[in-house]
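Chemist: here's a sequence, model it:
(chains A and B)
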Amino acid sequence: QKEVEQNSGPLSVPEGAIASLNCTYSDRGSQSFFWYRQYSGKSPELIMFIYSNGDKEDGRFTAQLNKASQYVSLLIRDSQPSDSATYLCAVTNGNEKLTFGTGTRLTIIP
Amino acid sequence: DAGVIQSPRHEVTEMGQEVTLRCKPISGHDYLFWYRQTMMRGLELLIYFNNNVPIDDSGMPEDRFSAKMPNASFSTLKIQPSEPRDSAVYFCASSWVVLGAYTEAFFGQGTRLTVV
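Modeler: Numbering: from 1, shown residues only, chains lettered A, B, ... in the order given. Okay, the predicted model is just below:
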């Protein structure tokens, strides 16, 4: 079992709709959770992080964490073509080891 | 700060040659990570350092790979001898912990390695 798992996609969402990206992790000791966005040919960049159970909102983005079920999700409201990218879920354990999932490729259809 | 700086941006080498990738982290960051990214395996953590000390190298694929961090502003990843299956994009990232909380990792632009 991989430490961090994501559906590779591609996930196609119409412009203006909500895109929902999911991630599960295997280490119950994981403490911090991150969503990175990576455009083709570019390096990953942080969108959001979440430490506590529940929802965290930042603009059009909402991160959701459920430690009991070991999943974290990212919702993107009012999806724009510029949101088309690969979204990487990452988690850290107590030793700050940052482990990534393989990413979900998201395409926003105009 | 100029961000995490990696060199070279592109490297093409012949199988069996030694390859050295370089990274300059963001000043003040005390964690440095080396990742390898391929289509098949995604972003894999190879090794990471804390205050220049290697903490976890369990991701280093084999003895052909080695990494060093002689000081807080410089790290290298060396592959000797290189093989075609080492072809990938290698990222360096740095980060720091503030008040016990882990903060984001900033990535360099990556080195695209092609071994022919």
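Chemist: can you list the low-confidence ranges for chain A?
Modeler: Residue ranges of chain A with pLDDT under 70: A:1, A:94-95.
Chemist: flag every residue of chain A that's near chain B.
Modeler: A:31-32, A:34, A:42-46, A:49, A:51, A:88, A:90, A:92, A:95-103 (Cβ under 8 Å from any Cβ of the partner chain). No exception for glycine: its C-beta is placed from N, CA and C like everyone else's.
Chemist: wait, what's in contact with residue A:51?
Modeler: A:31-33, A:65, B:101 (Cβ atoms under 8 Å, 6 or more residues apart in numbering or on different chains).
Chemist: still on that earlier bit, show me the residues of chain A next to chain B that map onto strands.
Modeler: Filtering those for membership in strands, criterion DSSP state E, returns A:32, A:34, A:45-46, A:49, A:88, A:90, A:92, A:98-100.
Chemist: including neighbour count, could the residues you listed go into TSV?
Modeler: TSV is the format used below for those (neighbours: other Cβ atoms under 10 Å in any protein chain shown):
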residue	neighbour count
A:32	19
A:34	24
A:45	14
A:46	17
A:49	19
A:88	26
A:90	25
A:92	21
A:98	23
A:99	20
A:100	24
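Chemist: chain neighbours aside, what residue packs nearest to whichever residue of chain A sits closest to chain B?
Modeler: Closest residue of chain A to chain B, Cβ to the nearest Cβ: residue A:102 (3.3 Å). Counting by Cβ to Cβ, 6 or more residues apart in numbering or on different chains, residue A:102 lies nearest to residue B:42, which is 3.3 Å off, once chain neighbours are set aside.
Chemist: low-confidence ranges in chain B?
Modeler: For chain B, the stretches flagged by pLDDT under 70 are B:1, B:98-103.
Chemist: residues from it in reach of chain A?
Modeler: B:31, B:33, B:35, B:41-45, B:48, B:50, B:55-56, B:91, B:93, B:95, B:97, B:101-105, B:107-110.
Chemist: out of these, which are buried?
Modeler: B:31, B:33, B:35, B:42-45, B:48, B:56, B:91, B:93, B:95, B:102-105, B:107-110 (16 or more other Cβ atoms under 10 Å in any protein chain shown).
Chemist: strands - which of these land there?
Modeler: Per DSSP E, the subset of those in strands is B:31, B:33, B:35, B:42-45, B:48, B:56, B:91, B:93, B:95, B:102, B:107.
Chemist: what about residue A:2, how many neighbours?
Modeler: The local packing of residue A:2 (other Cβ atoms under 10 Å in any protein chain shown) involves 12 other residues.
Chemist: so it, which state does it fall into?
Modeler: Secondary structure, DSSP: H, G, I helix; E, B strand; the rest coil: residue A:2 is coil.
Chemist: distance of residue A:26 from residue A:3?
Modeler: Counting by Cβ to Cβ, to the nearest Å, the gap from residue A:26 to residue A:3 is 5 Å.
Chemist: again, but for residue A:27
Modeler: From residue A:27 to residue A:3 the distance is 6 Å (Cβ to Cβ).
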